[in-house]
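J.: how would this look folded up:
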Amino acid sequence: MPDRGALFGDGAPADEDAIAFGEGAITLWANLLTLMATHLCEQGTPKAEVLDMLTLLQDTNEATIRSPRAKASAASHLMAVYTALEIS
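T.: Residues are numbered from 1 along each chain as shown. This is a model prediction of the structure:
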């Protein structure tokens, strides 16, 4: 199991396994988020409401993710979901 400190940027030494684990978790989260957002839209939730949920999630991530690298990765993935829904 990767060192929790390495994943969340609290000063513990970060090794490549921990970084890869964190990036993989963020990618998995983004893929799940994409599926959920698509499902909500397909089930009749107004697109604007789903986009508002994504904006709230981005605000929460900004406030709670301590690692700058993880924060940037999550923001990038979230923006890709937001953009895909916005143009669909």
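
J.: From now on I want contacts and neighbour counts done on CA atoms only, so please keep to that.
T.: Fine.

J.: any chance you could map the helices in the protein?
T.: Assigned by DSSP state H, the chain shows helices spanning 4-8, 16-42, 47-64, 68-87.

J.: what's the most buried one of the ones you listed?
T.: helix 4-8 (a mean of 18; mean count of other Cα atoms under 10 Å).

J.: just for this structure, where's the confidence low?
T.: Within the chain, the segments meeting pLDDT under 70 span 1-14.

J.: what's near enough to touch the spatially most central residue of it?
T.: Of all residues in the chain, the one closest to the mean position by Cα atoms, centre = their mean is residue 74, 3.7 Å from it. Applying Cα atoms under 8 Å, 6 or more residues apart in numbering, one finds that residue 74 lies in contact with 26, 30, 61.

J.: Any figure for the gap between the closest residue to the second one other than its chain neighbours and residue 43?
T.: In other words, residue 30. Excluding the flanking residues, the one nearest residue 30 by Cα to Cα, 6 or more residues apart in numbering is residue 77, at 5.9 Å. From residue 77 over to residue 43 the distance is 23 Å, taken as Cα to Cα, to the nearest Å.

J.: Could you measure from the residue lying closest to residue 38 once chain neighbours are set aside over to residue 31?
T.: Nearest-residue entry for residue 38: residue 85, 7.6 Å, with adjacent residues in sequence omitted and distances by Cα to Cα, 6+ apart. When Cα to Cα is the yardstick, residue 85 and residue 31 sit 13 Å from each other.
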